[in-house]
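Participant: Structure for the following, please:
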Amino acid sequence: MAIEGRTRKPREPRLPLRLVRFSGEAFSEGVETHVIEGVNVRVFTLAKTIADCFKYRHKLGLDVALEALRDTRRPRCGTMNEPVALCPHQPGVERRTL
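Facilitator: Coordinates of the predicted model:
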């Protein structure tokens, strides 16, 4: 779960969460708002999620990042070119890991 900068950590002992702290553009770029049961919910786009999986591949595991990338080949999941476009601060990540 991504939380903003210095936001306090959620306290829910029954849910094992892995937290990643984002700040500035990393937290605000690539966000879509969906209405779920009358509540606005902010969700990261598929491309941003995959780019972040590669960014945090040492924390999440390379297998998670590669599986997320493979899942984009399924219908209605996006394109293979989108994640690379959202990760300009890490040029060559996709070449080193693939």
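Participant: Run a quick neighbour tally on residue 15.
Facilitator: Other residues near residue 15 come to 8 when the count uses other C-beta atoms under 10 Å. All C-beta spots, glycine's among them, are computed from the backbone N, C-alpha and C.
Participant: Nearest the geometric middle of the protein, what residue?
Facilitator: In the chain, the residue lying closest to the centroid (C-alpha atoms, centre = their mean) is residue 49, at 2.3 Å.
Participant: which residues touch it?
Facilitator: Going by C-beta atoms under 8 Å, 6 or more residues apart in numbering, residue 49 touches residue 68.
Participant: Okay, it and residue 13: tell me how far apart.
Facilitator: Residue 49 sits at a distance of 26 Å from residue 13 (criterion: C-beta to C-beta, to the nearest Å).
Participant: How about the backbone phi and psi for residue 67?
Facilitator: Dihedral angles phi and psi of residue 67 (degrees, to the nearest 10) take the values phi -70, psi -40.
Participant: number of nearby residues for it?
Facilitator: By the other C-beta under 10 Å criterion, the neighbourhood of residue 67 contains 11 residues.
Participant: And it, how close does it get to residue 53?
Facilitator: As for residue 67, its distance to residue 53 is 9 Å (criterion: C-beta to C-beta).
Participant: Next: residue 30.
Facilitator: From residue 30 across to residue 53, the span is 13 Å (C-beta to C-beta).
Participant: One more: residue 64?
Facilitator: Summarising the geometry, the distance separating residue 64 from residue 53, computed by C-beta to C-beta, is 6 Å.
Participant: which one of the two has more residues nearby?
Facilitator: The residue with more neighbours, out of residue 64 and residue 53, is residue 53; 20 against 14, by other C-beta under 10 Å.
Participant: Let me see the contact set for that one.
Facilitator: For residue 53, the residues meeting the contact criterion (C-beta under 8 Å, 6+ apart) are 60, 64, 65, 68, 69.
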